[in-house]
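Asks: Task: produce atomic coordinates for the following.
(2 chains)
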Amino acid sequence: AQSVTQLDSHVSVSEGTPVLLRCNYSSSYSPSLFWYVQHPNKGLQLLLKYTSAATLVKGINGFEAEFKKSETSFHLTKPSAHMSDAAEYFCVVTYSGAGSYQLTFGKGTKLSVIP
Amino acid sequence: EPEVTQTPSHQVTQMGQEVILRCVPISNHLYFYWYRQILGQKVEFLVSFYNNEISEKSEIFDDQFSVERPDGSNFTLKIRSTKLEDSAMYFCASSLAGGPYEQYFGPGTRLTVT
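Replies: Predicted coordinates for the structure are as follows:
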């Protein structure tokens, strides 16, 4: 079975400081990994995805994530937080080649940005 | 930019009633999904749908649930006889292809069963 663990339920940063949201996944087949963001009362928006190409993935709004197979991690980072980044972030996994297209979500990390 | 839409945004129903949640996927997408999120819990996969049939479903998706693509644009989730524990946010998603492709989500329908 596939799973992801988001290590922090809540992260608080000051505006202009770096953001680190941590995610570990369980490995069965070759994973595809995604980060989605959910702003209050909005749908889930795709930030970035990893599908076995470059291990450092760049997404929208200055976010990036690095796939580290040895650590089974896919942490999300941003050099400088903006107030508009305050939202809930979900690490998501699916497995190619397993015949299953369902996404498996982590519990989410709520990011607060302090002015 | 094309987006997935869902109606209604909020549905309140009484236990035992039938509800239909509606979604309009992105027009050229071929795969459609329903997920739900009970308050305070993870987003959970319910069902995927391709070529007018269910391609995969989770244990949650029992006989009380059904999905349909009644025309070329809508994708619906029906709960036949709602229970209190069906209260959740229901998300529809669509993707251009199956496999490790990004799924695009709608804003969700909040279902409250009283």
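
Asks: Test for you: state the pLDDT assigned to A:Thr17.
Replies: A:Thr17 carries a pLDDT value of 98.

Asks: sorry, that was for A:Lys42
Replies: 80.

Asks: Now it: closest residue in space that isn't a chain neighbour?
Replies: Leaving out its chain neighbours, the residue that sits closest to A:Lys42 by CB to CB, 6 or more residues apart in numbering or on different chains is B:Pro107, at 6.1 Å. Any C-beta I mention is one placed from the backbone N, CA and C, and that applies to glycine too.

Asks: how deep is the one you found tucked in, by neighbour count?
Replies: Counted with other CB atoms under 10 Å in any protein chain shown, the neighbours of B:Pro107 add up to 19.

Asks: I figured it hits B:Ser9, correct?
Replies: Yes. Contact status for B:Pro107 versus B:Ser9: in contact at 6.9 Å, counting by CB atoms under 8 Å.

Asks: Strands of the chain, residue ranges please.
Replies: Since you didn't name a chain, this refers to chain A. For chain A, the strands defined by DSSP state E occupy A:4-6, A:10-14, A:19-21, A:23-25, A:31-38, A:44-50, A:56-58, A:64-68, A:73-78, A:87-95, A:104-105, A:109-114.

Asks: Wait, chain B was what I had in mind.
Replies: B:5-7, B:10-13, B:19-24, B:31-37, B:43-50, B:53-57, B:65-68, B:75-79, B:88-95, B:104-105, B:109-113.

Asks: how far away is A:Thr17 from A:Lys78?
Replies: 10 Å (CB to CB, to the nearest Å).
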